[in-house]
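>>> Kindly generate the corresponding structure for this input.
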Amino acid sequence: RTTHVRHYPISIDVEATRRVAASRAARRRADQLLGGTRERVLVRVDRLEPSKNILRGFLAYEALLQRHPRLRGHISFLAFLVPSRTGLKEYGDYGRSVQNAVDRINARFGRAGWRPIQIFYENDYAQALAGLSIADVVLVNPLVDGMNLVAKEAVVVSERDAVLVLSETAGAYDQMSNGALPVAPADIVGTADALAAALRMDPDERRKRLARLRRGV
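All right, here's what the predicted structure looks like:
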């Protein structure tokens, strides 16, 4: 007897996702979010837990601003974080480390009329899709993930030809490596460089990459 083992990557309901992103609530929220940002928008959506590597994502953004002073005041980072397992000490400690880093980065680089990082601590799907829809760059950099559907949601709702910066250890990477910019999750400087490359990318290349990603979702 022969046994075959195959993998069937999970996807998302594309039409349902787009309907939520196009809803009145999501559109209103997208307009509000854009009103609080500058020209370019970096977005992440995650559960607030260590495996999602959120802290290193913020440190990479800090390195981006440090290495590219001209970007200061011109790229806002919107993070939509869903509290997770709040009763566990490890998760609580990690959440505090994340917030401490954000406070420090905002104090270091913030200026009148511009707060570099804005965090939204809530489970609001329409709001998260609104954020993804207005992103110029989406950062998905987990330490390890079975799939990561946020990467796919970002691709289908993007209205600004977002560039996906994706961890090589995310399950979605095998499907999305033809359009995403790869990063090693522990490499903060490498992630900062990938963010810079995403921001420099010309419009035609952005459109081509997004089209390839959409065909694979």
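
>>> can you pull the buried residues of stretch 25-36?
Residues 26, 29-30, 33-34 are the ones in stretch 25-36 that count as buried (16 or more other C-beta atoms under 10 Å). (Each C-beta comes from the backbone N, C-alpha and C, glycine too.)

>>> Return the member of the residues you listed nearest to Arg96.
Of all the buried residues of stretch 25-36, the one with the least separation from Arg96 (C-beta to C-beta) is Leu33, at 25.3 Å.

>>> can you pull out the helices in the protein?
Secondary structure of the chain by DSSP state H: the helices cover 14-21, 24-35, 54-67, 89-109, 125-133, 149-157, 173-176, 188-200, 203-216.

>>> Export the ones you listed as JSON lines, with columns for distance to Val163 and mean pLDDT.
Converted to JSON lines, the helices of the chain look like this (distance: least, C-beta to C-beta, whole Å; pLDDT from 0 to 100):
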{"stretch": "helix 14-21", "distance to Val163": "18", "mean pLDDT": "96"}
{"stretch": "helix 24-35", "distance to Val163": "18", "mean pLDDT": "94"}
{"stretch": "helix 54-67", "distance to Val163": "14", "mean pLDDT": "99"}
{"stretch": "helix 89-109", "distance to Val163": "22", "mean pLDDT": "97"}
{"stretch": "helix 125-133", "distance to Val163": "13", "mean pLDDT": "98"}
{"stretch": "helix 149-157", "distance to Val163": "10", "mean pLDDT": "97"}
{"stretch": "helix 173-176", "distance to Val163": "12", "mean pLDDT": "94"}
{"stretch": "helix 188-200", "distance to Val163": "4", "mean pLDDT": "99"}
{"stretch": "helix 203-216", "distance to Val163": "6", "mean pLDDT": "97"}
